[in-house]
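*Asks:* give me the fold of what follows.
(chains A, B, C and D, ligands or ions: 5)
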Amino acid sequence: MNDLLTMTGIVKEFPGVRALDGVDLDVRRGEVHCLLGQNGAGKSTLIRVLTGAHQPDAGTIHLNGEEARLNSPTDAIQRGIAAIYQELDLVPELTVAENIFLGHEPARFGFSRRHQATSRAREILRSLGHSEIPPHRTVGSLPAAGQQVVSMARALSRDARLIVMDEPSAVLDPEEVANLFRVIRGLTERDVAVVYISHRLEEIRQIGDRVTVLKDGATVATGLDARETPTKELIRLMTGRSIEYVFPPRREILGTAPVVLEVADLTRPAEFADIGFTVRAGEILGLAGLVGSGRSEVLETVYGARRAATGSVRVDGRLLRSGSVQSAVKAGVGLAPEERKSQALLLDEAVYKNITVSTMQRFASAGFLNGRAEREAAAELARALDVRPSGVEHPVRNLSGGNQQKVVLARWLLRDCRVLLLDEPTRGVDVGARSEIYALIHKLAANGVAIVLVSSEVEEVLGLADRVVVLREGRAVHTGPAQDIDEHQVLDLVMEGSVA
Amino acid sequence: MSEAPEQTASTQATVTQPAAARAPNLLRSGAGRNVGLVVALVLLCIVGIVTAGDRFASGANVLTILRLAAVIGVVSIGMTFVITGGGIDLSVGAMVALASVWATTLATQQLAADFHWIMMVSTALLVGAACGLVNGLLVAYGKIVPFVATLAMLAAARGLAEIISDRRTQIITVNPFVDFFGGSLIGVPVLVWIFLLVAAAGWVLLNRTTFGRRTFAVGGNAEAARLAGIKVQRHTVALYILLGLCCGIAAVMLMARTTTGSATHGQLYELDAIAAVVIGGTLLSGGRGTIVGTVFGVLIFTTLNNVFTLNNLSISAQSVAKGLIIVIAVLLQQRLAARTTRP
Amino acid sequence: MSEAPEQTASTQATVTQPAAARAPNLLRSGAGRNVGLVVALVLLCIVGIVTAGDRFASGANVLTILRLAAVIGVVSIGMTFVITGGGIDLSVGAMVALASVWATTLATQQLAADFHWIMMVSTALLVGAACGLVNGLLVAYGKIVPFVATLAMLAAARGLAEIISDRRTQIITVNPFVDFFGGSLIGVPVLVWIFLLVAAAGWVLLNRTTFGRRTFAVGGNAEAARLAGIKVQRHTVALYILLGLCCGIAAVMLMARTTTGSATHGQLYELDAIAAVVIGGTLLSGGRGTIVGTVFGVLIFTTLNNVFTLNNLSISAQSVAKGLIIVIAVLLQQRLAARTTRP
Amino acid sequence: EKNAPATQAVAKGKNDEPGKKVRIGFSAPAADHGWMGAITKATQAEAKKYSDIELIVAEGTNDVNLQISQVETFINQKVDAIVLLPFDGAALTPVATKAMEAGITVVNVDREFDSPFAARTTILGDNYGMGVSAGTYVCQQLKGKTDAVVAEIAGIDSLPLTQDRSKGFKEALADCGLKVSNRVAAKFTVESGEEAAANLLQAAPKIDAIWNHDDDQGVGVMAAIKNSGRKEFFVVGGAGSANVMRDIKSGNSLLRATVIYPSTQGADGVRLARLLVQKKALGDLVEVEVPRTIQLFAPVVSKDNVDQYLPTAFES
Ligand SMILES: Nc1ncnc2c1ncn2[C@@H]1O[C@H](COP(=O)(O)OP(=O)(O)OP(=O)(O)O)[C@@H](O)[C@H]1O
Ligand SMILES: Nc1ncnc2c1ncn2[C@@H]1O[C@H](COP(=O)(O)OP(=O)(O)OP(=O)(O)O)[C@@H](O)[C@H]1O
Ligand SMILES: O[C@@H]1[C@@H](O)[C@H](O)OC[C@H]1O
Ligand SMILES: [Mg+2]
Ligand SMILES: [Mg+2]
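*Replies:* Ligands and ions are numbered 1, 2, ... in the order given. Down below sits the predicted model:
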């Protein structure tokens, strides 16, 4: 038998939620096994059962044909299972090398051998194509993508036979994804099996061998051929409906529409320089670029979360105070930040409170909140975005990653913004909800909101935006209408700085 | 602060949360989340009744417990806000002392005698609020960690209180003041009324207003709150002022109880108040807070002292018993809260 | 514990980190991160020299400062581990008291007289470690928040110490014990040697061993540590035992200094130790800790006391001055650390 | 000095004439209650009266380690004398001995060292005697009432001096067939006194007499009693604050008497230190050396003799 791992009838219950309701999964040596499912389908929970982080309520796990009880992460690690978790599981205060070797640092008599750790970390990072990440840098100071790389390096640092990757590509740009695939192929050549989770179906086609689809905590299909199975079929299995996400048709933006957002000569040394653009009412401006090109920084600076060294931001002609979020919010600017967990969510608070936190005043008279109105407004949006589970009273912490992202979006949709800055709005969002979000963005634009969109998926930028600004190493290398440029040209621009 | 064990997982920093946290309504409403505290308090009362009989169960004794709970209770309510908002305040006792001293100087008492005792009350409140303002500014704008900033305030405020009072116990001669605050209304001491009012107002403020909502947000994730457009710094200052005000109120109550103002008032209030708040279920790391829990926390500690005294227990034995009972109460609370909130 | 300031965004949980955090080497090495502390200490010394001249700068006075620093210093080193690991311990003073009492009972002293004074030392260490073990178990397995668990220990251990000693100060009659620990080696008091050794060992343990690495991990992100296969609970217990051991050592030192064991020893050490640790730059929320900073924190507080005593400041004014100086030292530290570590 | 106790009642004469300059270090526990605050105040006031005294006052502390280092600092400074009210007498003995060995005159105040070599002179109140005085007074007042309920409100219970007081009280009561039915401990502060008394009054529904160890905490005790409206007992105080004496004098208070525990001990210590350094004798004694031990008397002050004590009483 070629099966490395067989999970049968796995059940996992949380108070009030049956996250896994009899899941089966079998993984062969050296294959890339893709796990598909909508947000909240139970993918991450299954992974956590597999890595010993959760104990299943029922079901069995066989490794190499032997029954395995995984009582703790240590058990799983010892059996050669490593994981890249969806929610980054790094210690921000420790260095890159320390994080990579967390729990199995090279040591002699308890004394850590730091030079060995550093050189081995450097080696692994190089094999991942990231020799530029210094092993001694604190992980907390790395951008999301850098942290994702460290997470990958950690999984590789163990001699694992099975590596689980829970949405590793969500924060990666195309170049990085290609890099990742190269690494995965290297692994499978050495007979290491990979369980791969992603919402990007085209990735499944590129890297996957077989597919298992989860729906509502149960296996609905398994052993599907990753290349041959039609997309329509996969989506139908996942959602029970047949939708295909397409970008809504382009709208006409009137050249006469007033300019709402005006950014001029914005500079923050070491991050970006001389960034300028304007966005009209109803217009969607896309920012394309590689990880580290400074897109997030630009958005955060426009929002006042970072203070600009030079340059100005105007909304409806009024100058915003540099470095003041207040001033931006007052002028009607909203930001859905990139890092949902650290920058956006109040994890222990109920979904509805997370949604209304920026619009509280609307539900209050003399400072007293009208809880019902608040809940109703939040619930309506949650329904529109298909947040699951549908109740708005759950703490956000208990939601799946994609659903958390929807909550962040809902917050800003609730607020009538003049300008909406969206940083990776569909990160980790499933295909079904993705089309809802696209439709919403268009609807907002149609209502006259000026939108700035950052996404690592070039296709998304080009599909949604009216105009595109391409950033490279903190500088704008191209600005122009979206229909005048295609995906390849953008990729050339971000990598080379010019169209080949 | 602790770490994440598997089955009954429980760390604020973890994904796997204690079961209690999964029932948000019960949690905040106090009923579910506080079962353990209620049980602990009831058990204490049973012990009191069994060992001291009528002396414990009498109306007078209950009022004594409540009167004693009132002062630290008011401070603890204020502390609940600061801790929920992600801070801590070690200077509460010193602020109570300074406010009590300032409000009982000869000059203030003269003013009170000439006009109205309200002068003494406003002095105490002003002094408390001013200290809170300084704390808040140091923390929010000076970016000094709350522990250190308020430790500095602790030293400074007590020193100032000693200087102003010349280390004397200042006896209150304004009788209407003592009569009013020492008196009763419908059979319930005024001090207890004040405590009830502050607790009720605190509950409404924390759970039913935008101010309360912001407090949770600021304490839960300050950066997210900031990016959501909340004025985090200003709100932090407000929280410390609020606590300072509570300390001013507590000073007035203590002045009435002891008929004095003194630099030695309020010793170790910081520990008592934080203990009551934390036992009540408010997270020391911020973002989760409960006024009802705090009230129970205060009542448990006060009742404990009362039962001990009624039983004539030696102080040393009291200490040991106290340690044990705290542990038992908390364990009880955890187990019961976990059970009841599981559907 | 703190919150996100407006412009220069800086929460432990954020991606945008304070400038200091971007230079990990300097940060941990102590040199860069601690400039402010060094400057504060140097300023204090200058004040001492200017106001008290030779009396301050004399070798004897420096040794006095170091001897004073030694006892609380050892406790603070242990506290650095617990706080870095995401915990806190309020019971240190009580543990010191209990260990000192247990190690000086008639029975233990008899044993020591018959065999060797090492019996007293081992008793103190054992008692400290045992208390630490209980703290650790309550926190890691009982899942009681550290503040509450160690508050309970504080009450219980002091009570027990009072019961054992019958509230009498127990005088040490084992002269070799006093001679050894009260003596000097190469002109430096044994107590100071112990402090230096503990500090050095602490530094190595925290910065150069897997144990230290795990401490940072457990305090920085307990769930991540668990997922990485670290036995978080066991490690937490180990941290509290370590601190208990340090309290045992401190008890031995205090016994030597006072030739007594007493239930009143170690009063408010919890506050002093936490203050030194936090001023030193260790994050109260865990994940970041510095032994060098703690040593500076301890030295700043003890030098402050010394300068005050030399200068005959009025006692209340000393309090006020202390508050101000704490604030100034921390502000200085922040500004300077930010500047030097900025690339 | 309006607030300072008037000490002019004590020996005047040649001794007061300025002599050689004397530097005295003074260290005492934290002024966390009124009596301790009064001690330092009285000591400083006394020192100011003498042009030849330079008093160096260390921060009050309950950490014996810090207090030891304060004494070490005094030794390093080469002061002429040290007046020391130790937080714990036994714990400060070694460093006091070291000071003596360094040729510094040490005067021990209030809480006694456990070695005769640690101080040149010791001046202390009579804690045991206080308890005896209070007990004896209670016995007299409750003459023959053998089932009387006597309650005791102690001070900081972990201090040996509190136990000495309680012991004296218990033994004196035993002499007339009485016992302490209820005992609570406070912390010498007003606030703790009020709290302890409030609980005590609940614990004992009927009381005949209360002895409260400390008059500053007594302010709180009386506040609690007043609030309870109870009147069936009388109260005996301790230490002898001016407040309490005025109450006693007024005659309309439940507080009928107090036993003296002078807060002028530190002040006396400074005077003695000065005499010792200047090699003067104690006036009114034929003896040419200052005595080794001076134990102050712990008399009962009641309405009859209050006028005699009021002038030296401390304003708490
Ligand atoms: N600790 C928890 N407590 C309660 N419910 C939980 C917990 N963890 C997960 N759930 C619930 O279990 C279900 C499955 O979540 P899971 O994270 O496995 O989804 P997922 O398939 O990974 O989704 P996504 O694609 O969005 O990451 C969701 O409904 C989620 O709300
Ligand atoms: N892999 C990396 N390793 C180290 N530093 C990096 C890395 N990637 C980015 N940086 C740093 O982060 C800064 C900008 O990163 P940032 O995440 O804001 O870019 P971005 O364009 O928003 O990309 P993303 O959309 O992935 O967030 C750069 O100045 C660079 O110094
Ligand atoms: O501090 C004590 C004081 O309050 C008491 O009244 O007398 C003796 C002192 O030591
Ligand atoms: Mg997931
Ligand atoms: Mg970005």
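
*Asks:* name the spans of chain B whose pLDDT lies under the cut-off.
*Replies:* B:1-32, B:337-343 (pLDDT under 70).

*Asks:* most centrally placed residue in it?
*Replies:* Of all residues in chain B, the one closest to the mean position by CA atoms, centre = their mean is B:S76, 0.7 Å from it.

*Asks:* does the helix or strand containing D:R271 come close to ligand 3?
*Replies:* Here D:R271, judged by DSSP states H and E, is contained in helix D:265-277. No - applying CB under 6 Å from any ligand atom, one finds helix D:265-277 separated from ligand 3 by no less than 8.8 Å. The C-beta positions use only the backbone N, C-alpha and C, and glycine is treated the same way.

*Asks:* packing partners of the helix or strand just after that helix?
*Replies:* Per DSSP H and E, the first helix or strand lying C-terminal to helix D:265-277 is strand D:293-295. Counting contacts by 3 or more CB pairs under 8 Å, 6 or more residues apart in numbering or on different chains; DSSP states H and E, strand D:293-295 packs against strand D:121-124.

*Asks:* tell me which strands the strand it packs on pairs with, and in which orientation.
*Replies:* Applying DSSP bridges to the sheet, strand D:121-124 is found paired with strand D:105-109 (parallel), strand D:293-295 (parallel).

*Asks:* who's in contact with the helix or strand that that strand is followed by?
*Replies:* Beyond strand D:121-124 on the C-terminal side, the first helix or strand identified by DSSP H and E is helix D:127-141. Applying CB atoms under 8 Å, 6 or more residues apart in numbering or on different chains, the set of residues contacting helix D:127-141 from outside is D:150, D:161-162, D:164-173, D:175-176, D:178, D:209, D:211, D:213, D:234, D:236, D:238, D:256-257, D:259-261, D:295, D:297-300, D:302.

*Asks:* could you list every helix and strand in contact with the helix or strand harbouring A:V195?
*Replies:* Element membership for A:V195, per DSSP H and E: strand A:193-197. When contacts are defined as 3+ CB pairs under 8 Å, 6+ apart, strand A:193-197 sits against strand A:17-28, strand A:32-36, helix A:43-50, strand A:162-166, helix A:174-189, helix A:201-207.

*Asks:* mean neighbour count and mean pLDDT added to the ones you listed, as CSV?
*Replies:* Listed next are these as CSV, based on neighbours: other CB atoms under 10 Å in any protein chain shown; pLDDT from 0 to 100:
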stretch, mean neighbour count, mean pLDDT
strand A:17-28, 20, 93
strand A:32-36, 26, 96
helix A:43-50, 26, 95
strand A:162-166, 25, 95
helix A:174-189, 16, 91
helix A:201-207, 18, 91
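
*Asks:* of these, which is nearest ligand 3?
*Replies:* Ligand 3 lies closest to helix A:43-50 among these, at 60.1 Å (CB to the nearest ligand atom).

*Asks:* phi and psi next, for A:V263.
*Replies:* Here is the backbone geometry of A:V263 (degrees, to the nearest 10): phi -110, psi 130.

*Asks:* neighbours of it, how many?
*Replies:* A:V263: 23 surrounding residues under other CB atoms under 10 Å in any protein chain shown.

*Asks:* ok, it touching A:I275?
*Replies:* Yes - using CB atoms under 8 Å, A:V263 is in contact with A:I275, at 6.4 Å.

*Asks:* just the CA atoms of stretch A:141-159, as PDB, please.
*Replies:* Only the C-alpha atoms of stretch A:141-159 are listed here, as PDB (Å, rounded to 0.1, in the frame of the first residue of the first chain):
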ATOM      1  CA  SER A 141       9.600  43.300  12.200                       C
ATOM      2  CA  LEU A 142       9.100  41.300   9.000                       C
ATOM      3  CA  PRO A 143       6.200  41.900   6.700                       C
ATOM      4  CA  ALA A 144       3.500  39.300   6.400                       C
ATOM      5  CA  ALA A 145       5.200  37.600   3.400                       C
ATOM      6  CA  GLY A 146       8.500  37.500   5.100                       C
ATOM      7  CA  GLN A 147       6.800  35.800   8.100                       C
ATOM      8  CA  GLN A 148       5.200  33.300   5.800                       C
ATOM      9  CA  VAL A 149       8.600  32.400   4.400                       C
ATOM     10  CA  VAL A 150       9.900  31.900   8.000                       C
ATOM     11  CA  SER A 151       7.000  29.600   8.700                       C
ATOM     12  CA  MET A 152       7.800  27.600   5.600                       C
ATOM     13  CA  ALA A 153      11.500  27.400   6.600                       C
ATOM     14  CA  ARG A 154      10.500  26.100   9.900                       C
ATOM     15  CA  ALA A 155       8.400  23.300   8.400                       C
ATOM     16  CA  LEU A 156      11.400  22.400   6.200                       C
ATOM     17  CA  SER A 157      13.800  22.500   9.100                       C
ATOM     18  CA  ARG A 158      12.300  19.300  10.400                       C
ATOM     19  CA  ASP A 159      12.900  16.200   8.500                       C
END
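
*Asks:* re earlier: now the common contact residues for A:V263 and A:I275.
*Replies:* With contacts defined as CB under 8 Å, 6+ apart, the residues shared by A:V263 and A:I275 are A:G311.
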